[in-house]
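**Student:** Turn this into a model:
(one chain, ligands or ions: 2)
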Amino acid sequence: MAGDLQLTCSDCGREFTFTAADQSFFSERGFSTPKRCKPCRQAKKADQGGGGYGGGYGGGGGYAPRNTTGTTVVCSSCGQQTTVPFEPRGDRPVFCRDCFQAQKASGGGGGRGRDRGGRY
Ligand SMILES: [Zn+2]
Ligand SMILES: [Zn+2]
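**Tutor:** Numbering: from 1, shown residues only. Ligands and ions are numbered 1, 2, ... in the order given. Sure, this is the predicted structure:
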């Protein structure tokens, strides 16, 4: 027979009671031990309400939507004109495909800091 448990809410940090009744209720449904007190859980639930809680939440990184036309820029490395599928930011160097690949390949290899100061 399990007794009541004192748990600490990971949200508000308060202690709450995970009663024996709740424990059996939870294990019946295959839920694991709650990390939050009831008010916080309810708040969370309300938060997520109506949303499609897909598994891939937060994945994908910061991929900007594809700019279909592309933007014509001049490569900061070789000076060649090239088209990039994103809107370049003024404070960052833009590379053509070849130079970009080269940059990526050498990235982290110690050759960093090139043109870092930004002479413009
Ligand atoms: Zn709480
Ligand atoms: Zn280039």
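**Student:** What about residue 45, how many residues nearby?
**Tutor:** 9 (other C-beta atoms under 10 Å). C-beta here means a position set from N, CA and C on the backbone, and glycine is covered the same way.
**Student:** how would you label it: helix, strand or coil?
**Tutor:** helix (DSSP: H, G, I helix; E, B strand; the rest coil).
**Student:** Please list all residues in contact with it.
**Tutor:** If you count contacts by C-beta atoms under 8 Å, 6 or more residues apart in numbering, residue 45 has none.
**Student:** neighbours around residue 82, how many?
**Tutor:** Residue 82 has 18 nearby residues by other C-beta under 10 Å.
**Student:** now for the helix or strand where it lies, which elements pack on it?
**Tutor:** Using DSSP states H and E, residue 82 sits in strand 81-84. Counting by 3 or more C-beta pairs under 8 Å, 6 or more residues apart in numbering; DSSP states H and E, the packing neighbours recorded for strand 81-84 are strand 71-74.
**Student:** got a list of contacts for the strand it packs on?
**Tutor:** Applying C-beta under 8 Å, 6+ apart, the set of residues contacting strand 71-74 is 80, 81, 82, 83, 84, 85, 86, 87, 88, 94.
**Student:** Name the nearest of the residues you listed relative to ligand 2.
**Tutor:** residue 80 (5.0 Å; C-beta to the ion).
**Student:** Tell me how many other residues crowd that closest one.
**Tutor:** Counted with other C-beta under 10 Å, residue 80 comes out at 13.
**Student:** Please name the spatially closest residue to it (chain neighbours excluded).
**Tutor:** residue 96 (5.2 Å; C-beta to C-beta, 6 or more residues apart in numbering).
**Student:** what's the next secondary structure element after the strand holding residue 82?
**Tutor:** helix 97-106.
**Student:** That following helix and ligand 2, are they touching?
**Tutor:** Yes. Applying C-beta under 5 Å from the ion, one finds helix 97-106 touching ligand 2 at residue 99.
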